[in-house]
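> Pasted the sequence and its predicted model underneath.
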Amino acid sequence: MKFENVEFKEQKCFGIEEHITTTNKKEGLINNLWMTFVESIDYKAAGALYGVSKNFDITTQEFDYSACADINTPILKEFTRKDITIPGGKYAKFSSKGIMNDKTIEKFYTDVFTFTMVGGEITPDMERGINSFELYDESYLGIDNPESVYYLLIPIK
């Protein structure tokens, strides 16, 4: 699996955070979280958007997930805001290109985490407080665009 090692600078963000279970994940909570967040901010002024995962429990497959943007992104309508810091440091940066749906996203995550845990090429650094984060920058052209690219970054030692 292809990835690149990158140095990521600490990013101060704000967003919406929810605890994700296998049940509410299947019910579309993450998609709903993003829809609420994007409708609440001026996402065109945001630059990049981030999807941060932390507190992953391997036994229950539950985790906390935040849809967030740079701290200076204009807010259009109020929501329950959570301040989030994506820690700086070394990350393995994986990319996914194409139309996004539940099936392709699940496969991408499964491939990345299987590679990360058993591939031996990288050593994850879970001491940083997050498990991973998604990066949606200028390469992200929308969920239905086959040329769209988004990234998944895993903290590494």
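Noted; the coordinates are in hand.

> Only C-alpha atoms from now on, for both contacts and neighbour counts.
OK.

> who's in contact with the longest helix along the chain?
In the chain, taking DSSP state H as the definition, the longest helix is helix 102-118. For helix 102-118, the external contacting residues (CA atoms under 8 Å, 6 or more residues apart in numbering) are 1, 94, 96, 122, 123, 124.

> Does the second one fall in a helix, a strand, or a coil region?
So the one you mean is residue 94. strand (DSSP: H, G, I helix; E, B strand; the rest coil).

> Do I have it right that it meets residue 135?
No - Residue 94 is beyond contact range of residue 135, at 10.0 Å (criterion: CA atoms under 8 Å).

> hey, what's in contact with both of those two?
151, 152, 153.

> secondary structure element for the last one?
Read it as residue 153. Residue 153 is part of strand 149-155 when elements are defined by DSSP states H and E.

> Please, where are all the strands along the protein?
For the chain, the strands defined by DSSP state E occupy 4-8, 11-20, 49-57, 62-70, 82-86, 89-97, 132-136, 149-155.

> So which elements touch the strand holding residue 153?
Judged by 3 or more CA pairs under 8 Å, 6 or more residues apart in numbering; DSSP states H and E, strand 149-155 is in contact with strand 89-97, strand 132-136.

> please redo it, this time with the cut-off set to 10 Å
strand 4-8, strand 49-57, strand 89-97, helix 102-118, strand 132-136 (3 or more CA pairs under 10 Å, 6 or more residues apart in numbering; DSSP states H and E).
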